[in-house]
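Colleague: here are the coordinates; sequence isn't available:
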């Protein structure tokens, strides 16, 4: 009996450790398992609530002065070229203004932890089409930060909200609409960089899915969803340069 209890305890400890491993998550409408992997839309309306992606992360040890984060995502469509519907930012694009970004979770959802309580500022620093030369791919880069006096410690193993990306239904149907809403796509989050003050030289880049770092649109194929793509290291100076 004692051996059985010890074995069960060990298995529970291992399960808890695996569940709390540091990593990143991308889901529709809420964090982690509280949200959904796939979002479907009939593409028959230009109004209604936006489709909201929620990015979150499970904190590693040693983040004692969390002051900013940087993140990169890729939108990949199951088509030869990026549809007009996904051209959502930049001068002259078909749906410019259809993408908004926030790191404020004070109005919900509430299932994960909101560390900054609406005190951060920042936004999208880049939205690049044909990223890496692939005609069916776009690239989103964003950064949010709090003032130096607002830095806080993160608790290891706790899941925190990072940001929301909201895609409106504007120009989906009718006159002047932008084609391609029904084409499947996958949004892959490449990383979240947790930044601490530069004097610490201790930024933490999270790339491991926890449990996934992608979200599907219109039931995309798994082939275009790629979790945990390593990227270059970044510094706080490089993050700040996005918003100078």
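Modeller: Yep, that arrived. Small disclaimer: the values here were computed from a predicted structure and weren't measured.
Colleague: does the residue nearest to the spatial centre of the chain sit in a helix, a strand or a coil?
Modeller: Geometric centre of the chain, nearest residue: residue 55, 3.6 Å, by Cα atoms, centre = their mean. Using DSSP: H, G, I helix; E, B strand; the rest coil, the structure places residue 55 in strand.
Colleague: Where does the residue lying closest to it once chain neighbours are set aside sit: helix, strand or coil?
Modeller: Once flanking residues are discounted, residue 55 sits nearest to residue 162: 4.4 Å by Cβ to Cβ, 6 or more residues apart in numbering. Using the backbone N, CA and C atoms, a C-beta is placed for each residue, glycine as well. Three-state assignment for residue 162 (three-state DSSP): strand.
Colleague: Kindly provide the distance from residue 162 to residue 133.
Modeller: 28 Å (Cβ to Cβ, to the nearest Å).
Colleague: of these two, who's got more company?
Modeller: Between residue 162 and residue 133, counted using other Cβ atoms under 10 Å, the more crowded position is residue 162 (26 against 6).
Colleague: quick one: that one from residue 40, how far?
Modeller: Taken as Cβ to Cβ, the span from residue 162 to residue 40 is 24 Å.
Colleague: repeat for residue 184
Modeller: Relative to residue 40, and taking Cβ to Cβ, residue 184 is found at 10 Å.
Colleague: In stretch 119-126, which of the residues would be classed as buried?
Modeller: 120, 122, 124-125 (16 or more other Cβ atoms under 10 Å).
Colleague: Off-centre distance for it?
Modeller: 13 Å (Cα atoms, centre = their mean, to the nearest Å).
Colleague: Residue numbering should commence at 47 henceforth.
Modeller: Taking 47 as the first residue, the last one we looked at is stretch 165-172.
Colleague: what's the distance between residue 78 and residue 185?
Modeller: Taken as Cβ to Cβ, the span from residue 78 to residue 185 is 24 Å.
Colleague: actually residue 230, not the one I wrote
Modeller: Applying Cβ to Cβ, the value for residue 230 to residue 185 is 19 Å.
Colleague: Kindly report the same for residue 179.
Modeller: Note on residue 179: its distance to residue 185, by Cβ to Cβ, is 11 Å.
Colleague: Residue 108 too?
Modeller: From residue 108 over to residue 185 (counting by Cβ to Cβ), the distance is 29 Å.
Colleague: ok, those two, which is more surrounded?
Modeller: Neighbour count, other Cβ under 10 Å: between residue 108 and residue 185, residue 185 has more, with 17 against 13.
Colleague: Give the helix, strand or coil label for the more buried one.
Modeller: Here residue 185 is strand, with the state taken from three-state DSSP.
Colleague: That one pairs with what?
Modeller: residue 120, residue 174 (DSSP bridges).
Colleague: Please apply the same query to residue 239.
Modeller: residue 116, residue 251.
Colleague: and residue 230 and residue 86? which has more neighbours close in?
Modeller: Set residue 230 next to residue 86 and count neighbours by other Cβ under 10 Å: residue 230 wins out with 17 against 14.
Colleague: What segments of this protein are strands?
Modeller: For the chain, the strands defined by DSSP state E cover 69-74, 84-85, 97-104, 114-123, 145-148, 167-175, 183-191, 205-213, 231-241, 250-252, 260-263.
Colleague: out of these, nearest to residue 137?
Modeller: Counting by Cβ to Cβ, residue 137 lies closest to strand 167-175 out of the strands of the chain; the figure is 11.2 Å.
Colleague: So what's the residue count around residue 173?
Modeller: Neighbour number of residue 173 under other Cβ under 10 Å is 21.
Colleague: For residue 144, see how far away it is.
Modeller: 11 Å.
Colleague: anything in contact with each of the two?
Modeller: Among the neighbours of residue 173, those also in contact with residue 144 (Cβ atoms under 8 Å, 6 or more residues apart in numbering) are 134-135.
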